[in-house]
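In: Output the structure for:
(2 chains)
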Amino acid sequence: MTLREPTVEVDALDAHEELYRLGWTDGLPVVPPRPELVEAMLAGGGVEADEVVGVLARRHRTITGRQAAVNAVMAGCRPEYFPIVLAALGALTDPAHNADTMLASTGGSATCVIVSGPLAAEVGMNARHNALGSGNRANATIGRAVRLVAMNVLGARSGKLDAASIGHPGRYSFCFAEDDPPAPWAPLRVRLGYEREDTTVTVMGCEAPRQIGNALNEDPAGVLRTFASAMKMAATFSVGKGGQGVMVMGPEHALAVRQAGWSTRRALKFLVEETRVTPRHLEDGGVLLEVGAQHEMELGDDGKLPTFQDPEDIILVTAGGEGAGWSAYMPAAAPRLHSRHATRRVRTPGEALPDCGPDSCEVTFTS
Amino acid sequence: MTTTITVCRPDAEEAPERPAQRAERTAPPGPDGYRVALIDNGKPQARLLLESLAEELRARIDVGSVEVVSKAGAGEPIDDALAAEIAQRADVAIAALGDCGACSACSLRDAIAFERLDVPATVVITDAFVGHVGHFADTLGMPGYPTLVVPHPVSSKDAEHVRRLAEGLADAAVAQVTPG
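Out: As a prediction, the model looks like this:
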């Protein structure tokens, strides 16, 4: 194989147009990835250009530090965001997430990127008003960098390896930060088993957000039933088949549930039960049950089918600003059989590799 | 005068899997005829389509046995160890049903996995995914890999319709998995 020139020359005054014509953008203008900017990005992430930061074996693709950095520059990231982008790419390529399927599916999901931990605030991410909206550079460009890597490095483009039928606007960028909840609730990273001082990135291949409004009901079960009504919509592909989802609790809804003494665990178990559906519920929505196919739609003892099999299938995260009572819900675009959420801890530049002890890591290379 | 700037490429060097030829198409190796493995991905009507196709093959070529192998899910290719095990006892493999983006890519992988194990194979996809599967065939090292194509959709069709589809595919299937 002949190695291709890693750079190209473009007209300085027409760079956006040329980069678009080369097929490297998402349609919006990008920052021209000049070598010095790429070097600065790599330094921000503390990775080498040829370091492998993700592997998608089924496509025979690896993501190198350099490719990640070039796309992060194009997305508009500042170098200090890059460790978060790298963690997101690690989670994206976690085999449990099955990016090969999620990036190829007609379902047309977008990679929802959830950042939990102190680094989010340090780099200026938004976890409050308009957390899922526009206007914050870190949220916008970290999510965009992940999508550009999927497109440019992993081949996720219509007419190439992406068969998305409809897609959704989150494919430009779909990233936000957690607003750590007050005690006794623990933030997402702690509930996932990490330390409070860690920063983690969780990804899920999601359909578009459904905004959830309920400004009148302060009863915890009532608030959660409003979520459940959105979670079990027959139109959502995974309902009745056992899926996953991201539940973004706005301040009023989280307060109502927390102040009533409910733990996050109790809330999630309640939702798993409340979102079980009867065949009639699906049929009323025009959805037919699969018979003798890959999704075993066998009724439980209660005569119902699961929207979620376990509380762990729901990522509960607190974010958003005070208002009347708004939250959001994003279902995963495929049943859990095909894809699961995945999490990586952010490694900061210069962080030493873990000490493996005296009996390991002793490898002698011979040439 | 035009001023240029240098920019870094953001895309990946094309690095397809080691290119390979399809397995050699041969006469049945044993006296009992072809041993056919059907790789069912669990999509609605996939199994019926495959079993109907196997019946049509019986009328056209010497079929000794038919084995249906069900995958855990359509969004995963067949497990390597399972494919190797089946390759020991199959002379021909047919995968189905590629009627969505992820499952068509994975069923194509199933067929190509058998080709690489020296078992002639093919895959049934719906017409909506011909181009998509073509790109994946490039990536998987078998550009131009022949497929069996039926009109999309199949999942909503009744049994009689699915059997007619199988009948329509049978001659092409024979041509694709035997010396002809």
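
In: Just the element for the residue in the stretch 251-367 of chain A positioned nearest to chain B, please.
Out: With C-beta to the nearest C-beta as the measure, residue A:294 is the residue of the stretch 251-367 of chain A nearest to chain B, at 2.7 Å. Where C-beta positions appear, they are placed from N, C-alpha and C, glycine not excepted. Assigned by DSSP states H and E, residue A:294 falls within no helix or strand.

In: Chain neighbours aside, what residue packs nearest to it?
Out: In this structure, residue A:294 finds its nearest non-sequential neighbour in residue B:42, 2.7 Å apart by C-beta to C-beta, 6 or more residues apart in numbering or on different chains.

In: Name the helix or strand for the one you found, please.
Out: Per DSSP H and E: residue B:42 is located in neither a helix nor a strand.

In: could you pull out the strands for chain A?
Out: Using DSSP state E, the strands of chain A run over residues A:7-11, A:52-56, A:61-64, A:110-116, A:175-177, A:200-206, A:210-213, A:245-249, A:314-318, A:326-331, A:342-345.

In: Quick one: name the residues of the stretch 151-300 of chain A near chain B.
Out: Residues of the stretch 151-300 of chain A lying close to chain B (C-beta under 8 Å from any C-beta of the partner chain) are A:152-155, A:159-164, A:290-295.

In: any idea where the helices of chain A begin and end?
Out: Using DSSP state H, the helices assigned to chain A run over residues A:15-21, A:35-45, A:65-75, A:82-92, A:99-102, A:118-122, A:137-152, A:188-191, A:220-231, A:251-259, A:264-274, A:279-284.

In: now what about the last one, what contacts it?
Out: In other words, helix A:279-284. Residues from elsewhere that reach helix A:279-284 (C-beta atoms under 8 Å, 6 or more residues apart in numbering or on different chains): A:232, A:234, A:239-240, A:288-289, A:299, A:305.

In: Next, name the residue at the spatial heart of chain B.
Out: residue B:123 (2.1 Å; C-alpha atoms, centre = their mean).

In: Tell me the secondary structure of that residue, please.
Out: Recorded secondary structure, residue B:123: strand (DSSP: H, G, I helix; E, B strand; the rest coil).

In: Surely it is in contact with residue B:106?
Out: No - if you go by C-beta atoms under 8 Å, residue B:123 and residue B:106 don't touch, sitting 9.7 Å apart.

In: what is in contact with the two at once?
Out: With C-beta under 8 Å, 6+ apart as the test, residue B:123 and residue B:106 both reach residue B:98.

In: ok, and the closest non-adjacent residue to whichever residue of the stretch 51-200 of chain A sits closest to chain B?
Out: In the stretch 51-200 of chain A, the residue that lies nearest chain B is residue A:163 (2.7 Å; C-beta to the nearest C-beta). In space, and not counting its chain neighbours, residue A:163 is closest to residue B:101: 2.7 Å by C-beta to C-beta, 6+ apart.

In: One more: residue B:6?
Out: Nearest to residue B:6 is residue A:7, by C-beta to C-beta, 6+ apart, at 5.0 Å.

In: so what's that neighbour up against?
Out: Contacts of residue A:7 were listed using C-beta under 8 Å, 6+ apart, and they are A:35, B:6-9.

In: Point out the ones among those that are inside helices.
Out: Judged by DSSP H, the subset of those located in helices is residue A:35.

In: tell me the helices in chain B, going along the chain?
Out: Taking DSSP H as the test, the helices found in chain B are B:46-58, B:80-87, B:101-116, B:130-139, B:159-177.

In: Looking at these, which is nearest to residue A:318?
Out: helix B:101-116 (32.2 Å; C-beta to C-beta).

In: Against which helices or strands is that closest one packed?
Out: Under the contact criterion of 3 or more C-beta pairs under 8 Å, 6 or more residues apart in numbering or on different chains; DSSP states H and E, helix B:101-116 touches helix A:99-102, strand B:34-40, helix B:80-87, strand B:92-98, strand B:121-126, helix B:130-139.

In: what about the longest one and chain A, any contact?
Out: Yes - under the criterion of C-beta under 8 Å from any C-beta, chain A is reached by helix B:130-139 at B:131-132, B:135-136, B:139.

In: With the fourth one instead?
Out: No - contact of strand B:92-98 with chain A (C-beta under 8 Å from any C-beta) is absent, the minimum separation being 10.2 Å.

In: Which residue ranges make up the domains of chain A?
Out: Taking automatic domain parsing as the reference, chain A has its domains at A:12-207+A:340-347, A:209-331.

In: which one of these has the most crowded surroundings?
Out: Highest mean neighbour count among the domains of chain A (mean count of other C-beta atoms under 10 Å in any protein chain shown): domain A:12-207+A:340-347, with a mean of 21.

In: Start and end of it, how far apart?
Out: 35 Å (C-alpha to C-alpha, to the nearest Å).

In: Do me a favour and average the pLDDT over it.
Out: For domain A:12-207+A:340-347, mean pLDDT is 97.

In: ok, residue B:146 touching residue B:120?
Out: No - contact between residue B:146 and residue B:120 fails when scored by C-beta under 8 Å: they sit 10.7 Å apart.

In: out of the two, which sits in the busier spot?
Out: Taking neighbours as other C-beta atoms under 10 Å in any protein chain shown, residue B:146 and residue B:120 compare with residue B:120 leading, 22 against 16.

In: how far away is the more buried one from chain A?
Out: 23 Å (C-beta to the nearest C-beta, to the nearest Å).

In: Residue B:31: neighbouring residues, count only.
Out: By the criterion of other C-beta under 10 Å, residue B:31 has 7 neighbours.

In: where's it relative to residue B:60, distance?
Out: Computed as C-beta to C-beta, to the nearest Å, the residue B:31 to residue B:60 distance reads 19 Å.

In: Spatially, and excluding backbone neighbours, which residue is closest to residue B:97.
Out: Spatial nearest neighbour of residue B:97, chain neighbours left out: residue B:46 (3.8 Å); criterion: C-beta to C-beta, 6+ apart.

In: quick one: least confident helix or strand in chain B?
Out: Lowest on mean pLDDT, DSSP states H and E among the helices and strands of chain B sits helix B:130-139, with a mean of 94.

In: and that one, what other elements does it pack with?
Out: Under the contact criterion of 3+ C-beta pairs under 8 Å, 6+ apart, helix B:130-139 touches helix B:101-116.

In: Just want the angle from the helix it packs on to helix B:46-58.
Out: 40 degrees (axes from the mean of the first three to the mean of the last three C-alpha atoms, to 10 degrees).
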